[in-house]
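J.: next one to model:
(chains A and B)
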Amino acid sequence: MTDVTLLRAARPLGGLPADLLLADGVIAEVGAAGTVDAPDGARVVDAEGLVALPGLVDLHTHLREPGREDAETVLSGSRAAALGGFAAVLAMANTSPVTDTAEAAERVHDLGRAAGLVDVVAVGAVTKGLAGEELAELGLMARSRAGVRVFSDDGRCVADARVMRRALEYVKAFGGVISQHAQEPSLAGPSSCCHEGELSGRLGLPGWPGVAEEVIVARDVMLARHTGSRVHVAHVSTAGSVEVVRWAKAQGIAVTAEVTPHHLLLTTDLLAGYDPTFKVNPPLRPSEDVETLRAALADGTIDAVATDHAPHARHDKEHAFVDAAFGMLGLETALPVVATVMVGTGLLDWAGVARVMSTSPARIAGLDDHGRDLVVGAPATVTLVDPDASVVVDRDASASLSRNNPWHGRTLTGAVRATFLRGRATVLDGALAG
Amino acid sequence: MERHLLSIDDLSVDDITTLFATAAEMHDVQRREVKKLPALRGRTVINLFFEDSTRTRSSFEIAGKWLSADTINITGKGSSTSKGESLRDTVLTIASMGVDALVMRHHASGAAHQVAQWIDAAVINAGDGTHEHPTQALLDAYTLTRRLGSLEGRHVVIVGDLTHSRVFRSNIGCLTRLGARVTVVAPPTLMPSGVAAWSAADGFATSYDLDEVLPTADAVMMLRVQRERMSGGFFPSPREYAVGYGLTRDRLATLGPDVPICHPGPMNRGLEIAADAADAAQSAILEQVSAGVAIRMSVLYHLLAGEAS
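T.: Numbers count the residues shown, from 1 in each chain, chains lettered A, B, ... in the order given. Below you'll find the predicted structure:
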């Protein structure tokens, strides 16, 4: 079944309008606006004024299947991802059971293929059961049908330096990378839920100091240097971590880093009302950190935006603040948030958005078919964005099964209008296609 | 007055003055042979305690009973919360039985604030984690005003585990509002995070040196050191804590004879407070307990009787 689409007058990376013909799963033709003819039976999308980006890639998604299908499934999460402009998502391993075997990774991979809306790429656990002690079967996961390359105990830090060192060494054999949830547990324990500072002091909430992240980032870049391996820092949240990553990159250490949309905009003062919607790990930080994270994303110190989409059933959030689940939704709002805080402020142009939301994450995850330039012969994996659309976020207008949406009621600029995965439309006119 | 009492910040100076005036009347009732007032007849007050507290719970219970409210105690321990029921489901279930006021103690900071958004009944915060304990602050300030008169310009020294103290957090708001000059004293490991910015914004002083501060004190408030802090690495040993931050016999001797000594209880005699200080003539500790009932009667009266009449 050939799905042929002509994108009429789209602006690749925000540049001059061009026609893009998507056929046989690839970009078949690119020409100046109005110059490419639509073949018979082709779908013609009027993309005038829309920005065309390579399909977005999310390095950090929680899909909750298997185990918590009441909060999210691979299918519902895939829908949310496609609506958010994503063509590939990396599904974190902290499901129940944990993705710590080849079979578990293949199951997630196959569920993703069955849903068929985005490439669901399994992340493997670094350690068995996320316990931080024994290495999971990293090599078997890498050799499996799921082709795992990114390993993470996300939700927990690989705190033991020896285990982290061995993991970094071991994945060199197959070009793997360890994505570290940086949280030194002796400085920020399981109940730590509020940035440690004046507000946590006033609210009487257990503090989660930035230094608990920074000491692990510092340790891990030294381990990466020592082992000659590759480390990726998940959800960087502090200016101190940015300094360490910047230094490490200057030394030539193979470190990459991601930042979440929420850490680019939301600040710790939102916790003043004890609303667990804003409870996330790492916690929301003060505005000085937010400013530094934006600048670091703009200058390339931070490589990628990753959502840390973390759906939770309502009853898991309706506890007292310290008892409520950590995490917030992010797939459907990531691009509008980045457009608002990075493009709207002039910190990034659309080519920069393509870099941090597609090209760099695809490269970090080793996804050769993603994050490609929009040129003839490349996979027809494209996201169309209306850069001027102003949207009020409504948590009930979501494909996710969960409603823990911190953006509810906010006005964001920029909206995903269409998503194509290897030529097939998954989203058209801002809604799931057919 | 607000519908709930969640934080000391819910009260204006006028509110506090009104509560103190009513408490004084209630204090007189306490001394009568027949202590019952009909003010809250037919009203239901539930003491929902997710955390053990004999003294606060019985204080609220007596206060409710003397005002003729139907007062019922529910302990959260061993209830459905331990089976994973959400806090919202727990309190909605209780509220649905027909409740006028919910007096709530919870191990989690902010729990009372959250509950107030879910139910219609008046919510009184009887201690939420390490956040606030507003009726404790009211009874402390009430006790001090009975001893000292106006607190305007008076120097109140609060000593102890500030990081984990809801008593300290509510007292700061209450005492500074009433014009007192407050100094908080603790070792650096027991100072709340961000205290430099906080104290600058709210106008109180901090010190690591109790002996430097005590000579100018008009009142001293010693806080309880929780047992679990002793092994938590916050200070090297109970002995060292007592030497540095306890109200010892030697320090008692440096206080003027009219300087009231307060403690919210229960006390660790020999740790944060020496027996001589706890039992000194100037100790206000038992007055605090009786003031507690009067203050809680006053709070219940103003939150519940007002809307009835």
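J.: list the contacts for residue 41?
T.: Using chain A. A:Val4 (C-beta atoms under 8 Å, 6 or more residues apart in numbering or on different chains). Where you see a C-beta, it was placed from the backbone N, CA and C, and this is true even at glycine.
J.: nope, chain B please
T.: Applying C-beta under 8 Å, 6+ apart to B:Arg41 gives the contacts B:Ser68, B:Ala69.
J.: surely B:Ile94 and B:Asn73 touch.
T.: No. Assessed by C-beta atoms under 8 Å, B:Ile94 is found out of contact with B:Asn73, at 11.8 Å.
J.: overlap in contacts of the two?
T.: Contact criterion C-beta under 8 Å, 6+ apart; residues shared by B:Ile94 and B:Asn73: B:Ile46.
J.: between those two, point out the one with more neighbours.
T.: Between B:Ile94 and B:Asn73, counted using other C-beta atoms under 10 Å in any protein chain shown, the more crowded position is B:Ile94 (20 against 15).
J.: so the more buried one belongs to a helix, correct?
T.: Yes. Counting by DSSP: H, G, I helix; E, B strand; the rest coil, B:Ile94 falls inside a helix.
J.: what does the stretch 1-150 of chain B put close to chain A?
T.: When proximity is defined as C-beta under 8 Å from any C-beta of the partner chain, the stretch 1-150 of chain B approaches chain A at B:86-89, B:106-111, B:113-114, B:128-132.
J.: from those, which land in helices?
T.: Under the assignment DSSP state H, the residues of the stretch 1-150 of chain B next to chain A contribute B:Leu87, B:Arg88, B:Asp89, B:Ala111, B:His113, B:Gln114 to helices.
J.: can you pick out the most distant pair from those?
T.: Spanning the widest gap among these are B:Asp89 and B:His113, at 17.5 Å by C-beta to C-beta.
J.: what about the two, which has more around it?
T.: A count of neighbours by other C-beta under 10 Å puts B:His113 above the other of B:Asp89 and B:His113, at 23 against 16.
J.: my guess is the more buried one meets B:Asp10, correct?
T.: No. The criterion here is C-beta under 8 Å, and B:His113 misses it with B:Asp10 at 10.2 Å.
J.: is it correct that A:Leu384 is in contact with A:Gly49?
T.: No. Under the criterion of C-beta under 8 Å, A:Leu384 is not in contact with A:Gly49, lying 10.0 Å apart.
J.: neighbour count: the two, which is higher?
T.: Comparing A:Leu384 with A:Gly49 by other C-beta under 10 Å, the one with more neighbours is A:Leu384, at 26 against 15.
J.: just the terminal-to-terminal distance for stretch A:222-240.
T.: Start-to-end span of stretch A:222-240 (C-alpha to C-alpha, to the nearest Å) is 16 Å.
J.: do it and chain B meet at all?
T.: No. Between stretch A:222-240 and chain B, judged by C-beta under 8 Å from any C-beta, nothing touches; the nearest distance is 14.8 Å.
J.: contacting residues around the longest helix belonging to chain B?
T.: In chain B, with assignment by DSSP H, the single longest helix is helix B:13-30. Contact partners of helix B:13-30, identified using C-beta under 8 Å, 6+ apart, comprise B:1, B:11, B:35, B:37, B:66, B:138, B:141-142, B:145, B:174, B:177-178, B:290-291, B:293-295, B:297-299, B:301-302.
J.: out of these, which are buried?
T.: B:1, B:11, B:37, B:66, B:138, B:141-142, B:145, B:174, B:177-178, B:291, B:293-295, B:297-299, B:301-302 (16 or more other C-beta atoms under 10 Å in any protein chain shown).
J.: how close does the residue lying closest to A:Asp323 once chain neighbours are set aside sit to A:Val322?
T.: Nearest non-adjacent residue to A:Asp323, counting by C-beta to C-beta, 6 or more residues apart in numbering or on different chains: B:Ala108, 5.9 Å away. To A:Val322, B:Ala108 is 5 Å away according to C-beta to C-beta, to the nearest Å.
J.: what's the average pLDDT for stretch A:206-213?
T.: Here stretch A:206-213 scores 98 as its mean pLDDT.
J.: ok, now stretch B:55-69?
T.: pLDDT averaged over stretch B:55-69 gives 97.
J.: so which bits of that stretch are buried?
T.: Applying a neighbour-count criterion of 16+ other C-beta under 10 Å, the buried positions in stretch B:55-69 are B:Thr56, B:Arg57, B:Ser59, B:Phe60, B:Glu61, B:Ile62, B:Ala63, B:Gly64, B:Lys65, B:Trp66, B:Leu67, B:Ala69.
J.: columns secondary structure on top of the residues you listed, output as JSON lines?
T.: As requested, these are exported to JSON lines (three-state DSSP):
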{"residue": "B:Thr56", "secondary structure": "helix"}
{"residue": "B:Arg57", "secondary structure": "helix"}
{"residue": "B:Ser59", "secondary structure": "helix"}
{"residue": "B:Phe60", "secondary structure": "helix"}
{"residue": "B:Glu61", "secondary structure": "helix"}
{"residue": "B:Ile62", "secondary structure": "helix"}
{"residue": "B:Ala63", "secondary structure": "helix"}
{"residue": "B:Gly64", "secondary structure": "helix"}
{"residue": "B:Lys65", "secondary structure": "helix"}
{"residue": "B:Trp66", "secondary structure": "helix"}
{"residue": "B:Leu67", "secondary structure": "coil"}
{"residue": "B:Ala69", "secondary structure": "coil"}
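J.: closest one to chain A out of those residues, please.
T.: Nearest to chain A out of the buried residues of stretch B:55-69 is B:Thr56 (C-beta to the nearest C-beta; 16.7 Å).
J.: show me what contacts that closest one?
T.: B:Arg105, B:Ala126, B:Gly127, B:His133, B:Thr135, B:Gln136, B:Gly292.
J.: swap the cut-off to 10 Å and go again
T.: Residues counted as contacts of B:Thr56 (C-beta atoms under 10 Å, 6 or more residues apart in numbering or on different chains) are B:47, B:49, B:103, B:105, B:126-127, B:133, B:135-136, B:264-265, B:292, B:296.
J.: got any residues that touch both of A:Leu384 and A:Gly49?
T.: Joint contacts of A:Leu384 and A:Gly49 (C-beta under 10 Å, 6+ apart) are A:Ala10, A:Arg11, A:Arg417.
J.: what about burial for those residues, which qualify?
T.: A:Ala10, A:Arg11, A:Arg417.
J.: right, and the helix or strand after the helix or strand hosting the second one?
T.: To tie it back to what came earlier, the one meant is A:Arg11. Under the criterion of DSSP states H and E, A:Arg11 resides in strand A:5-12. Under the assignment DSSP H and E, the closest C-terminal helix or strand after strand A:5-12 is strand A:18-23.
J.: returning to that earlier point: same list (the contacts of B:Thr56) but as a markdown table, adding distance to A:Val148.
T.: A markdown table is the format used below for the contacts of B:Thr56 (distance: C-beta to C-beta, whole Å):
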| residue | distance to A:Val148 |
| --- | --- |
| B:Asn47 | 54 |
| B:Phe49 | 49 |
| B:Val103 | 53 |
| B:Arg105 | 48 |
| B:Ala126 | 51 |
| B:Gly127 | 49 |
| B:His133 | 51 |
| B:Thr135 | 56 |
| B:Gln136 | 55 |
| B:Pro264 | 55 |
| B:Gly265 | 58 |
| B:Gly292 | 61 |
| B:Arg296 | 60 |
